[in-house]
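Asker: Starting from these lines, generate the structure:
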Amino acid sequence: MKKIELEIIALSHSVTQSHSFAVVLGEVGGTRRLPIVIGGFEAQAIAVALDNMKPSRPLTHDLLKTICDTFDVILEYIYISKLLDGVFYSNLVCRKGDEYFEIDSRTSDALALAVRFDCPIYVEETILSEAGVEADPNEGEDTGDQGEADQDLSELAGTQPTASNFGEMNMADLQAQLQQAIEGEDYERAARIRDEMQKRK
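Answerer: Numbers count the residues shown, from 1 in each chain. Prediction:
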C-alpha cells in the first residue's frame, strides 16, 4: 500500500450538501486535491486551530491533545485508509515510548487533531486516485493556496468584510473585542474581528 502525504489547503461551505462544509486536502508536491465533506462543529474545530485562536476553555480536540500530552502519547500521523459508500475512514497512528498503536477515528476528528499536533496527513493512493480531483496545473504556492484557505476560512465564519460592524473601531478596541469574543467562545465574531484587524496591517 502506498501512502500519499496531504496538507489542508482550504476550508469552505460545501457546494453539495447544505449546512455542511468541505475541507480540501492537497497532495504535497502534486496537483491532486481531495475534498471531504464534514460537519459544522468539526469545521469550526479545524478553523479555530488553523487560525491559532485560543478559547478561554478547551474545545474537545484541545482536551484530547492535553490528555495525550499529559500521558506522553504522541500522534505520529493520521492515515485516511478506506473509502466505503462515500465515507472516508481514518486511523490515528500514535506512539507511547517505543509502542505504536492505531485508533479508529472519523476523518474530520482526525484532521482537527492533526492540526493541533502539527503531524502529517496521509491517504492511501487508491483513495486519492478514486476520489481526488486534479487542480489547475498553473496553481502553485505563489498563486495563493494560502490566500484561498484564508478566504474560505472567512467564508466559514460568515465573514462579510465590507459589511463589518468593526470598521469604526481603533485597533485597541478591536483587540479588546477579540479577546472578549474568544473568552465567550463566539468564534464567528472573533473571526470577523480578526479579518478587520488583518485588513489594516
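Asker: Report the central residue of this structure.
Answerer: In the chain, the C-alpha nearest the mean C-alpha coordinate belongs to I46, at 3.4 Å (C-alpha atoms, centre = their mean).
Asker: next SSE after the helix or strand hosting that residue?
Answerer: When elements are assigned from DSSP states H and E, I46 belongs to helix 40-50. Where DSSP H and E defines the elements, the next helix or strand beyond helix 40-50 is helix 60-70.
Asker: could you check the angle helix 40-50 makes with that next one?
Answerer: Between the axes of helix 60-70 and helix 40-50, defined by axes from the mean of the first three to the mean of the last three C-alpha atoms, to 10 degrees, the angle is 60 degrees.
Asker: looking only at pLDDT, what's the mean for the helix holding I46?
Answerer: The pLDDT scores in helix 40-50 average 86.
Asker: Which positions in it come out as buried?
Answerer: Of the residues in helix 40-50, E42, A43, Q44, A45, I46, A47, V48, A49, L50 count as buried by neighbour count, 16 or more other C-beta atoms under 10 Å. Where C-beta positions appear, they are placed from N, C-alpha and C, glycine not excepted.
Asker: Over to stretch 21-40?
Answerer: Here stretch 21-40 shows 21-27, 32-38 as buried, counting by 16+ other C-beta under 10 Å.
Asker: ranges for the helices of this structure?
Answerer: Along the chain, the stretches classed as helices by DSSP state H are 40-50, 60-70, 107-117, 125-131, 145-156, 171-183, 187-200.
Asker: Going by contacts, tell me the helices and strands next to the second one.
Answerer: So the one you mean is helix 60-70. helix 40-50, helix 107-117 (3 or more C-beta pairs under 8 Å, 6 or more residues apart in numbering; DSSP states H and E).
Asker: could I get those as JSON lines with distance to M171?
Answerer: Conversion of the helices and strands packed on helix 60-70 to JSON lines gives the following (distance: least, C-beta to C-beta, whole Å):
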{"stretch": "helix 40-50", "distance to M171": "22"}
{"stretch": "helix 107-117", "distance to M171": "28"}
